[in-house]
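Chemist: Okay, predicted coordinates and the sequence, questions at the end:
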Amino acid sequence: MPKRKRTSTAKKGWKTRNKISEVQHLGAVKRRKLWDPESMTRAMNTVISKEMGVNKAAEQFDLPRTTLKDRISGRVKHGAKPGPPGFLTPEEDQELVDFLVECCKMGNGKTKREVIDCVKRLMEKKRAKEGLQMIKFNGEGWWYKFMKRHSELSLRPSDPLSHCRFNAVSQSALDHYFVLLRNTLEVNGLMDKPSYIYNMDESGMPLDHKQLKRVALKGIKKVHGPSSGNKAQITILACANAVGTMIPPMVIFKGERLNYEWTRAS
C-alpha cells in the first residue's frame, strides 16, 4: 500500500505563524511612529528627576517602554530621526542652501546635476579624510528629500544673461534713468502727448540650446544662468508709441546676402 504523503498542515501552520509575526512587526512599526515627542520629553524629565520609574512613566505618558529606556540610557539620542544618518550634517545642509541662493543672486544659478555632483564630491572627500570606504550615493533620492526639506527652493527655467549686463543693472542706475526721462518729457512738452512718444526695443531669438532649470528661491521672477553672450540669433526690432500704435517690425537675419524668401510675407 503506497504511503500517504504528509499534508501541509505543518506547512500551513508555518505560513500562519509567519503572517502573524509579520502583522505584529507591522503593528510595532506603526506604534513606534505614533508616540508624541512632547510626551517623550516630559517622561524623560520625570524619570531623570526620579519622580517615577521607566515602566510607570511609559504607562502614564502612553510611550513604548523600550523606546523611553533607550533615550534615558543614552543609547538613542532624543530628537534623532529614525534611519541611517544623512549624507550631510544639518550645518552642511544649510550651508549648501545659502550657497545656492547666493549663486542665483549672482546670476550663476546651479542646475540639478551640478548640485548632485557637488554633494557627491563632498561625500568622497569626507570619506577619504576619515579613511572610510565610499558608500553608494543615490543622487535622485537625495535630491528629492533635499528639495522636500527646503520648500523655499524651487527648480526654475533660467534666462541667458552675460555677466557684464548683469553687473550693469542696479537700483541707482534705474532711478537715474527715470529722472532723465521725466526731465526730457517736461523740457520738450510731451507730458500730455502720448502719441508723440515712441519707444523701440530689440529682442534676440537665440539659435543655441535651451537654458536648463536652476535652483532658486520661490517667488523670484527672473532666474539667470551663465552664457557666452555672443550666440548666433535672429534680431527683431519693434517700435510703438504710448497709445499703442505700432509700426512694422524690423527683422535682422545673420548673413551677407538677403534671401528674398524671408521678405515674401512682409
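Modeler: Good, I have the coordinates.

Chemist: thought Ile247 was touching Leu237?
Modeler: No: with contacts counted by C-beta atoms under 8 Å, Ile247 stays clear of Leu237, the gap being 10.0 Å. Bear in mind the C-beta positions are built from the backbone N, C-alpha and C, glycine included.

Chemist: Quickly note the distance from the nearest residue to Lys69 once chain neighbours are set aside to Met246.
Modeler: Take Lys69 and drop its neighbours on the chain: the residue closest to it by C-beta to C-beta, 6 or more residues apart in numbering is Val54, 5.3 Å away. Plainly put, Val54 is 81 Å away from Met246 if you go by C-beta to C-beta, to the nearest Å.

Chemist: Settle it for me: which of those two has more neighbours?
Modeler: Val54 (19 against 10; other C-beta atoms under 10 Å).

Chemist: For Pro37, see how far away that one is.
Modeler: In terms of C-beta to C-beta, Val54 sits 18 Å off from Pro37.

Chemist: so where do the helices sit in the stretch 51-200 of the chain?
Modeler: 54-60, 65-73, 90-105, 112-129, 139-149, 163-168, 171-187 (DSSP state H, counting those that start in this stretch).

Chemist: Least reliable of those helices by average pLDDT, please.
Modeler: Here the lowest mean pLDDT among these goes to helix 163-168, at a mean of 66.

Chemist: Can you give me the domain boundaries for this protein?
Modeler: Domain assignment for the chain by automatic domain parsing gives 9-73, 90-158, 163-210+232-263.

Chemist: Out of the ones you listed, which gets nearest to Gly225?
Modeler: Set against Gly225 and scored by C-beta to C-beta, the domains of the chain come closest in domain 90-158, at 3.5 Å.

Chemist: and the end-to-end length of that closest one?
Modeler: Using C-alpha to C-alpha, to the nearest Å, the end-to-end distance of domain 90-158 comes to 28 Å.

Chemist: Let me know the distance separating Leu155 from Ser203.
Modeler: 26 Å.

Chemist: more crowded one of these two?
Modeler: Just comparing Leu155 and Ser203: by other C-beta under 10 Å the higher neighbour count belongs to Leu155, 16 against 11.

Chemist: what pairs with the closest residue to that one other than its chain neighbours across the strands?
Modeler: Of all residues not flanking Leu155 in the chain, Lys213 sits nearest, at 4.6 Å (C-beta to C-beta, 6+ apart). Bridge pairing for Lys213 (DSSP bridges) gives the partners Pro157.

Chemist: Tell me which residues touch Lys213, please.
Modeler: Shown in contact with Lys213 (C-beta atoms under 8 Å, 6 or more residues apart in numbering): Thr111, Lys112, Leu155, Arg156, Pro157, Ser158.

Chemist: Please repeat the previous calculation with a cut-off of 7 Å.
Modeler: With C-beta atoms under 7 Å, 6 or more residues apart in numbering as the criterion, the residues that contact Lys213 are Thr111, Lys112, Leu155, Arg156, Pro157.

Chemist: Same check on Thr245?
Modeler: Contacts for Thr245 (C-beta under 7 Å, 6+ apart) come out as Ser195.

Chemist: okay, now Lys110: neighbour count?
Modeler: Using other C-beta under 10 Å, Lys110 has 20 neighbouring residues.

Chemist: Just the pLDDT at it, thanks.
Modeler: pLDDT, Lys110: 89.

Chemist: Test my guess that it contacts Phe99.
Modeler: No: counting by C-beta atoms under 7 Å, Lys110 sits too far from Phe99 to count as a contact (8.4 Å).

Chemist: re the thing from before, compare the contacts of Lys213 and tell me which has the most neighbours.
Modeler: Going by other C-beta under 10 Å, Arg156 tops these with 19 neighbours.
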